[in-house]
Each structure stands twice: as structure tokens, then as C-alpha cells.
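K.L.:
Build me a model:
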Amino acid sequence: MKWIIAFLVIATAGYMLFDGTRALVVGNYITSTEGDYAGQLGPWAGLVRSVGVDPNSAFMKIIFVAYGLSALAALSGFMTSQPWGRGALFLAAVLGLWYLPVGSITNIIVLVLLLFQRG
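P.N.:
Numbers count the residues shown, from 1 in each chain. Next comes the predicted model:
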């Protein structure tokens with residue numbers, strides 16, 4: 001079960017770290033280039049916009065990077081059975097629920113697995 005948790009966290013937090021870093025360097029996040037949603041950010045953008053944060057601001061891009069690094073650090077602690085690892089990863093998963101829709105789904109799964117995972 002630990003490896004499923006690791007895969008989900010690496011996929012989500014790793015992508016957020018990559019996308020946030022890329023957005024800081026290039027100026028924008030990765031978006032679809034074709035179809036009805038070409039050039040549009042995901043549903044998370046509407047959520048952060050509703051609380052007064054511009055999804056394309058440097059502040060939001062830094063949040064992506066900081067969250068990605070923090071979640072991966074928490075995962076490292078969890079995978080190496082550090083006393084703080086499980087709690088840190090649980091907190092990281094809760095804090096990642098805003099990343100609609102994929103981050104919300106993966107973090108809910110991580111939270112459920114953490115609740116049922118032993119040792």
C-alpha cells in the first residue's frame with residue numbers, strides 16, 4: 001500500500017512542482033493546445049480566483065512549487081518511516097485537496113490509504 005501512496009503523491013506533487021517551476025520560468029502553466037479547453041487552466045483556477053488569488057500570478061506559481069516540494073518531502077519522511085512522516089503526508093494530502101479535479105481525487109485516495117495503512 002505504501003507504493004500506491006508513493007505513486008499517487010509523486011504523480012500529483014511532482015507534476016505540480018514541474019508545472020509551477022515551468023510557469024515561473026516560461027510564464028504560463030501547461031494547458032491543452034487543442035479542443036474546447038485549449039489554453040484554459042483546470043477547475044482549480046476558478047477556486048483560487050474565488051478567494052482572490054490570480055491563478056497566473058507569481059504567488060500562485062510559487063504555491064505550486066512550495067506544495068510540490070513539501071508534499072515530496074513529506075512522502076520521503078513517510079517512506080523512510082520517520083516519526084513525523086505519516087502526519088506530514090496526511091497534512092500534505094489535506095492541503096492538496098484544492099487542486100481540482102485530479103489532485104482532489106488522488107489526495108482523497110491517499111488520505112483513505114493512510115487511514116487504513118499499518119506501520
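K.L.:
From now on I want contacts and neighbour counts done on CA atoms only, so please keep to that.
P.N.:
OK.
K.L.:
Grab the nearest non-local neighbour of the residue nearest to the spatial centre of the chain.
P.N.:
Closest to where the C-alpha atoms of the chain average out (CA atoms, centre = their mean) is residue 13, at 4.0 Å. Closest residue in space to residue 13, ignoring its immediate chain neighbours: residue 68 at 4.3 Å, by CA to CA, 6 or more residues apart in numbering.
K.L.:
if we can go back for a sec, the residue nearest to the centre of the chain reaches residue 73, doesn't it?
P.N.:
No - with contacts defined as CA atoms under 8 Å, residue 13 does not count as touching residue 73, sitting 10.1 Å away.
K.L.:
just for the protein, where's the confidence low?
P.N.:
119 (pLDDT under 70).
K.L.:
One more pass at 80, please.
P.N.:
Counting by pLDDT under 80, the chain has low-confidence residues at 118-119.
K.L.:
Could I get the full set of helices for it?
P.N.:
Per DSSP state H, the chain carries helices over the ranges 2-26, 43-50, 58-79, 85-95, 102-116.
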